[in-house]
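Student: I'd like to go over a predicted model; first the sequence, then the structure.
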Protein chains: 2
Amino acid sequence: MNLEKMGQAAQLAAFELATTATAVKNTALAIIADELEANQVAILAANKQDIDAAIASGMSEALIDRLLLNEARISAIASDVRNVINLQDPVGAELDSRVLENGMRLSRRRVPLGVVGVIYEARPNVTIDIAALCLKTGNASILRGGRETFHSNMALVKVIQAALAKAGLPAASVQYIEQPDREYVSQLLKLDQYVDMIIPRGGAGLHQMCKENSTIPVIIGGFGISHMYVDESADLSRSLDVVENAKVQRPSACNSLDTLLVNEKVAATFLSRLVERMNKAQVTLVADNAAFSLLEGKASLLRKAETGDFDTEWLSYTLGVKVVTDVDEAIFHMRKHNASHSDSILTNNLQAAERFVNAAGSAAVYVNASTRFTDGAQFGLGAEVAVSTQKLHARGPMGLEELTSYKWVGVADYLSRS
Amino acid sequence: MNLEKMGQAAQLAAFELATTATAVKNTALAIIADELEANQVAILAANKQDIDAAIASGMSEALIDRLLLNEARISAIASDVRNVINLQDPVGAELDSRVLENGMRLSRRRVPLGVVGVIYEARPNVTIDIAALCLKTGNASILRGGRETFHSNMALVKVIQAALAKAGLPAASVQYIEQPDREYVSQLLKLDQYVDMIIPRGGAGLHQMCKENSTIPVIIGGFGISHMYVDESADLSRSLDVVENAKVQRPSACNSLDTLLVNEKVAATFLSRLVERMNKAQVTLVADNAAFSLLEGKASLLRKAETGDFDTEWLSYTLGVKVVTDVDEAIFHMRKHNASHSDSILTNNLQAAERFVNAAGSAAVYVNASTRFTDGAQFGLGAEVAVSTQKLHARGPMGLEELTSYKWVGVADYLSRS
C-alpha cells in the first residue's frame, strides 16, 4: 500500500465532500446505518475472528469485551449513526459577517478541515463513529485501528464504502490503513501535504508518539490529572456526594477524580465522613502525611503517597488525598501536577470560587459540580470526536464544529487596495 | 543558558499574566512605549553594531534597510505599541453561555494560550510587535530573532523587561534566546511541557523545520501561491486595475498575485490590454503555451512557463499567466498548485462566483477584489500576529483573539452526574 496515493485520494474526496449538500451527506449516513444492520452476519463473522485471536492470545475478559460486537451492539452503532443525521451540519455557516469601510462584504465561512487522520485502539465502534462524524462535516478520513480489531474494522469499512458508492460519494471519503506494520502510522503522520489534522485516540504513549513524529497538527487529549478542592466553606454533606460521584461513578473515564485536596480546617471532619463511602466502594486512598494521620485506622485501603503518585491518572478505584491550607495552595498543587483536563472546587465562598476558576489552567473548571461532566453529550454538543487538553483549535470536548475550519470570503465591486 | 528553566519561568509568568487585569497590562504597554523613546540612544547604538556587521558581511542594501532603526522608526514602533493599548482585550469574554437541563450554568471563557514561542528573521520591530500583542492577551513569550539583529533585539528586550518590572509584572513575561546556536531553536521546539504555541515568521525553510521538529503546535503560514481568475463575464476594464493592484502594489508581500488565470474567451482581448501595464511596471510574464502565443511580440519581458513555475511564489515583479477554459479548470489548476493563501475571481456571473468561492481551498477567497486585502489591518483585526495558511486554530490573518484559547466553566449547586 502506498500512503501517498491514499492521501491524494483522500484529498480529492475531500474536495468533493466540501461542496456536497447536507441532504446528500445525510442520505449516505442513512445508508451506512441500514447497511450495518443488513450486513450483521458478515460483520459478526469478522468480529469472531478478532475475538478468537484475542482469546488465543490470553487477553483479559474485560479487554475482550471491549472488542466484542453482537447484534445489540451493531444496532446501537447504527442508531448512533442515525443520531448524527439529526445533528446540525455546521458547514457553510458564516461568522462575523460585516461590511468594511471600503465596501467589501467580509465574513468567515465554516468549511470542513479537509482530511482527518485518526489513530485509535481497541473498540471497533470508533471506526463507524469517526467515519460518520467526519462525513457529516464534509471531511475525508483515513482510519487506522488497532491490530486486535483488524477483521472487524475491515468488515465495517467495507460496509461504509459500499454505502458511500450507493450514495454517489467517493469511496475514498473513508479509507482504512490495512497494513499492521507500525511503519504505516509513521508514514501517515508525515502526509502533511494531504492530511489536515491527526486525532490519536488512545493512551499517553500514542499521543507522545504522534506529538514527536507528526508534521501534521495533532489533537492531544483525553488525559490529565483531575482535582477536586473542598474549601473550608463547602457544604460538607453535599460535598460527599459530589466527591463520591467524581471518583466512583466510572473510574476508568478520563474525567474521573484523581486527587482530592481538602482544606485543613475541615479535613478531619470531611475525611472521617468520606472514608466510610470510600471503604464501601473499595477505594484505595493514597494520602500525603497530613491526610494519612487523619485517615489511619479508618480507611480500609490506605497508603502513604510517594513520588509520582500525585502525577498519576488512576483510572481505577484509587484516590490521592492531600490536605492544603487554602485555595492558593490547591491551585499551586494543581499547577505542579498537570491539571489540564477537569478540576472542581466545592465551596460556598464567592471569592474562593472566582479565584479557583480564574487561576485553574484546565480545559474544564467546575464550581460545586463533579468532574464527570466533561463530556460532549453532557455539554450538549451532540457528538464527541475527542477531548482535547491542548490549547490550540479546540479545548475540552470536541463536537462537529471542532471538525471544521473557516475561510475568509470577501465580496466587492472590482476593488483594489489603496 | 538552560531553555528548560526559561520555559519554567515563562510558564510561571503566564500563570500570573492570565489573571492580570487589562488596566495593568495596558500600563505596562504604555511604559514600554515611553521607554522605547527614552532609550533611543542605546537602541540606535546597538542597531549600529548590527548594521556595521551587515555591511561588513556584504549584505544587500535592501536587506540592510530591513534591519535599520532610526528615530522615526523607533517612534513608529512606540506608536504601534500605543495602538495595542487601544485594542479590546479579548481575555475573559464568555462564549456560548447557557444553562444545561440539569441546572449547570456552562460557558466557554476566553483565556490566554499561555506561553507563545516566536522564531523570526530580520526586522527588529517584530520583537516589540509580538511582545506587545502577547502581553496584551496575557501570554508570556519566548522570542528568538535572527542573528542579523541580535544587538538590536537585546537592546529592545532590555527595555521591555525594565518596563515590565516598573509595571510590577514578571520580567519572564518576555524572554529572548540569546545564544546564536541553532541548537537552541531545536530545544525550544521540544519544550511542549511549557510552551503552548510556536509561531515561525520567516521563509518556507523555517516553517518546514518547525513542522518537522516541533512537539508543540505550530502556526504555519505566510506563503502559498495566490491566483486570480478572470472569467469571461468579467468587466475587463475594471479587471485591469485589480490585477495590476494585486501584482504591482507590493510584490514582496505574501498576498501579492502569483498566477493569473484567464478564460480563453476573453484571453486575447484582456491580455493585449494588460500587457501594456505589465510592460510599464517591468513585470516578467511567465506564460503557458496558449498565453505565450497571445503575448509574444507584445510583452517586453516574457518567457515560457517551465515545470515548477506555477508552484513558485514570486515575491517579485514576475507573474505566471495561463489560459483556462472555465472556472472549473481554474479551480483544478489552483488545487494542483498550492492555492492556500489568497485567491480571487473577477466575474459578473453569479454561478461562477459561487462555484469559485465554494470550491477554492484558500484561507481567503475574493470576488472582484485584489488578493492584497488579506491582512489583519485591512480586515479590521487591529493587529496581525501572523497569516495562517493551515486549517487548525486560526486561518488567514490572526489578531488578538487568535492568541487566546478558552476554558469551559461550569457552575452548579453540588451537582453529580446521573
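Tutor: Cool, got the structure.

Student: What mean pLDDT does the strand ranked longest in chain A get?
Tutor: Criterion DSSP state E: the longest strand present in chain A is strand A:404-415. The average pLDDT for strand A:404-415 rounds to 98.

Student: In its sheet, which strands sit next to that strand, and in what direction?
Tutor: Strand A:404-415 pairs in its sheet with strand A:105-112 (antiparallel), strand B:364-369 (parallel), by DSSP bridges.

Student: A:Leu261: which element?
Tutor: In the assignment (DSSP states H and E), A:Leu261 maps to strand A:259-263.

Student: That strand vs chain B: in contact?
Tutor: No: using CB under 8 Å from any CB of the partner chain, strand A:259-263 stays clear of chain B, coming no nearer than 14.9 Å. The way it works is simple: take the backbone N, C-alpha and C, and place the C-beta from them, glycine included.

Student: again, but for stretch A:127-143
Tutor: No: for stretch A:127-143 and chain B, the contact criterion (CB under 8 Å from any CB) is not met; the two come no nearer than 10.2 Å.

Student: Quick check: end-to-end length of that stretch?
Tutor: Start-to-end span of stretch A:127-143 (CA to CA, to the nearest Å) is 7 Å.

Student: For that stretch, what is the distance to the chain centroid?
Tutor: Its chain's C-alpha centre and that of stretch A:127-143 lie 15 Å apart, by CA atoms, centre = their mean, to the nearest Å.

Student: what does stretch A:11-30 give?
Tutor: Centre to centre, stretch against its chain (CA atoms, centre = their mean), the figure for stretch A:11-30 is 24 Å.

Student: Stretch A:398-408 too?
Tutor: Relative to the chain's own centre, stretch A:398-408 is displaced by 16 Å; criterion: CA atoms, centre = their mean.

Student: then it to CSV, C-alphas only?
Tutor: C-alpha atoms of stretch A:398-408 as CSV (Å, rounded to 0.1, in the frame of the first residue of the first chain):
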residue,chain,number,x,y,z
MET,A,398,-14.9,18.4,20.6
GLY,A,399,-18.1,18.2,18.7
LEU,A,400,-18.9,18.7,15.0
GLU,A,401,-17.9,22.4,14.9
GLU,A,402,-14.4,21.4,16.0
LEU,A,403,-14.1,19.3,12.8
THR,A,404,-14.4,22.5,10.8
SER,A,405,-12.1,25.4,9.9
TYR,A,406,-13.2,28.6,8.2
LYS,A,407,-12.2,30.6,5.2
TRP,A,408,-12.5,34.3,4.8
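
Student: in it, what counts as buried?
Tutor: A:398-408 (16 or more other CB atoms under 10 Å in any protein chain shown).

Student: Go ahead and confirm A:Arg201 touches A:Arg123.
Tutor: No: judged on CB atoms under 8 Å, A:Arg201 makes no contact with A:Arg123 at a distance of 9.2 Å.

Student: what sits against A:Gly399?
Tutor: A:Gly399 is in contact with A:376, A:379, A:381-385, counting by CB atoms under 8 Å, 6 or more residues apart in numbering or on different chains.

Student: Try it again at 7 Å.
Tutor: A:Gly399 makes contacts with A:376, A:381-385, as judged by CB atoms under 7 Å, 6 or more residues apart in numbering or on different chains.

Student: now A:Pro180
Tutor: Neighbouring residues of A:Pro180 by CB under 7 Å, 6+ apart: A:147, A:150.

Student: so how far is B:Gly222 from it?
Tutor: 40 Å (CB to CB, to the nearest Å).

Student: hmm, who's touching stretch A:130-137?
Tutor: A:25, A:28-29, A:32, A:81, A:84, A:87, A:89-91, A:112, A:116, A:118, A:141, A:143, A:160, A:173-174, A:383, A:385, A:400, A:403-404.

Student: CA atoms of it as CSV?
Tutor: Extracted in CSV, the C-alpha atoms of stretch A:130-137 (Å, rounded to 0.1, in the frame of the first residue of the first chain):
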residue,chain,number,x,y,z
ILE,A,130,-15.4,8.8,13.5
ALA,A,131,-16.3,8.0,9.9
ALA,A,132,-19.8,9.3,10.4
LEU,A,133,-18.8,12.5,12.2
CYS,A,134,-16.2,13.3,9.5
LEU,A,135,-18.7,12.6,6.7
LYS,A,136,-21.3,14.8,8.3
THR,A,137,-18.8,17.7,8.4
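
Student: Give me the buried positions along it.
Tutor: In terms of neighbour count (16+ other CB under 10 Å), stretch A:130-137 has its buried residues at A:130-137.

Student: Quick one: mark the members of the residues you listed that sit in helices.
Tutor: A:130-136 (DSSP state H).

Student: do the helix or strand where A:Leu36 lies and chain B meet?
Tutor: Assigning secondary structure by DSSP H and E places A:Leu36 in helix A:22-38. No: residues of helix A:22-38 contacting chain B under CB under 7 Å from any CB of the partner chain: none, with a closest distance of 13.6 Å.

Student: what helices or strands is that helix leaning on?
Tutor: With contacts defined as 3 or more CB pairs under 7 Å, 6 or more residues apart in numbering or on different chains; DSSP states H and E, helix A:22-38 has these neighbours: helix A:71-86, helix A:125-136, helix A:150-166.

Student: avg pLDDT for it?
Tutor: pLDDT averaged over helix A:22-38 gives 98.

Student: what about A:Ala253, how many neighbours?
Tutor: Using other CB atoms under 10 Å in any protein chain shown, A:Ala253 is surrounded by 16 other residues.

Student: likewise A:Glu212?
Tutor: Close neighbours of A:Glu212, defined as other CB under 10 Å, add up to 14.

Student: picking that back up, and B:Leu236, which of the strands paired with strand A:404-415 is closest to it?
Tutor: strand B:364-369 (12.4 Å; CB to CB).

Student: Pull the residues that contact the closest one.
Tutor: By CB under 7 Å, 6+ apart, strand B:364-369 touches A:104, A:407-415, B:242, B:342-346, B:353, B:357, B:373-374, B:396.

Student: Thank you, goodbye.
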